[in-house]
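Visitor: Fold the following, please.
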Amino acid sequence: MYMRGMAAELGIVKGQPFEPDASARALLDKAARAAFRMAHAEGYTPSPNGLYWPDSHWVNVFPGNATFTSDSFDYINARTTFFTYAYSTSPGMAVSMDNVGAKYPTTFYDADGDYLDGGQNDMPKNVPVALFWSVTVYDPITASGLENGQPFPSLNEMDKPVQNSDGTFDIYFGPKSPGKGKNWLPRFQAKAGSPSSVSTARNRRSSTRPGSCQTSRR
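Guide: Numbers count the residues shown, from 1 in each chain. Now for the predicted structure:
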């Protein structure tokens with residue numbers, strides 16, 4: 001109803017004709033394009049209040065719950081940006097329940113605070129999980145899975161990735177393979193200022209936190 005009210009201010013009302021003239025169409029087109037850019041700018045410049053830890057770059061995409069609500073207000077920016085780079089939600093995506101709930105920490109930056117770039121290699125470690133973890137790369141503009149030549153642009157524990165002797169995993173992202181026997185998700189060189197997100201799902205609350213993405217420039 002809230003969004004219908006905003007549409008009604010433009011003359012868009014259910015059951016009534018909407019026939020904007022050329023000038024109005026041009027303004028609406030500009031507004032839609034500007035809103036699209038604003039949502040991306042907001043999404044890829046997350047608020048400190050949306051971080052899992054103040055000294056990290058891991059974003060909590062569900063700061064309240066799957067409906068982006070709290071007891072006294074709605075998380076407007078978080079909801080807007082989520083539906084800019086994602087598609088839908090369900091309660092299980094945000095519930096904090098041991099061995100059942102899932103978490104989706106997301107980052108657009110490496111440990112130095114620089115945007116992730118398809119021409120670099122990033123290696124997050126120490127993923128706290130109970131059932132499985134999964135890492136997926138997305139196109140920052142279309143929010144679809146990145147077309148990287150693989151059936152799915154993701155890697156998870158069910159893929160049986162190579163594990164280090166200390167129990168951690170190194171995951172490489174970049175246009176070139178890091179070599180045989182490495183966990184690699186191809187990413188092609190992105191346009192300047194176009195970050196790609198890395199999402200990790202976990203199924204157990206834990207005091208352990210995933211490390212920041214370390215960048216290796218080659």
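
Visitor: Pretty sure residue 107 sits against residue 213.
Guide: Yes: using C-beta atoms under 8 Å, residue 107 is in contact with residue 213, at 6.1 Å. Every C-beta, even on glycine, is put in place using the N, C-alpha and C of the backbone.

Visitor: ok, what's across the strand from residue 155?
Guide: residue 135 (DSSP bridges).

Visitor: and the gap between it and residue 106?
Guide: Distance of residue 155 to residue 106, given as C-beta to C-beta, to the nearest Å: 15 Å.

Visitor: what do you get for residue 31?
Guide: Residue 31 sits 28 Å away from residue 106, going by C-beta to C-beta.

Visitor: which one of the two has more residues nearby?
Guide: Comparing residue 31 with residue 106 by neighbour count (other C-beta atoms under 10 Å), the higher total belongs to residue 106, at 22 against 11.

Visitor: Spell out the secondary structure type for that one.
Guide: strand (DSSP: H, G, I helix; E, B strand; the rest coil).

Visitor: didn't it look like it was pressed against residue 59?
Guide: Yes: applying C-beta under 8 Å, one finds residue 106 in contact with residue 59, separated by 4.8 Å.

Visitor: Between the two, which contacts overlap?
Guide: Counting by C-beta atoms under 8 Å, 6 or more residues apart in numbering, no residue touches both residue 106 and residue 59.
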